[in-house]
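S.K.: This is a predicted model, with the sequence first.
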Amino acid sequence: MILSISGVVLLGVIVFLFFRKDGLKPSHAIVCALFGFYLAGTAIAPSIKAGGQSLASLLGGIKL
């Protein structure tokens, strides 16, 4: 659950930065949000979630 919230916050910050730099128009943001919403209901959603968790564990294991 914490990973999901962190991911949402991170993606929200990225979208906000794109919006502020005029690289992302509001209409594009709405289309991306709708695409993500509908993609979450498809059969590929568990694979995307597993890939995200794998990437998060990989990044979490990096020692600086």
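M.R.: Cool, got the structure.

S.K.: check which helix or strand covers the spatially most central residue of the chain.
M.R.: In the chain, the residue lying closest to the centroid (Cα atoms, centre = their mean) is residue 11, at 4.8 Å. Following DSSP states H and E, one finds residue 11 within helix 2-20.

S.K.: so who does the residue nearest to the centre of the chain touch?
M.R.: By Cβ atoms under 8 Å, 6 or more residues apart in numbering, residue 11 lies in contact with nothing. (Each C-beta comes from the backbone N, C-alpha and C, glycine too.)

S.K.: what about the helix holding residue 11, average pLDDT?
M.R.: On average, the pLDDT along helix 2-20 is 73.

S.K.: List the buried residues for that helix?
M.R.: For helix 2-20, a neighbour-count test (16 or more other Cβ atoms under 10 Å) marks nothing as buried.

S.K.: helices and strands around the helix or strand harbouring residue 30, which ones?
M.R.: Using DSSP H and E, residue 30 sits in helix 26-39. Packing contacts for helix 26-39, counted by 3 or more Cβ pairs under 8 Å, 6 or more residues apart in numbering; DSSP states H and E, involve helix 2-20.

S.K.: Tell me how far the helix it packs on lies from the chain's centre.
M.R.: Averaging C-alpha positions (Cα atoms, centre = their mean, to the nearest Å) puts helix 2-20 7 Å from its chain's average.
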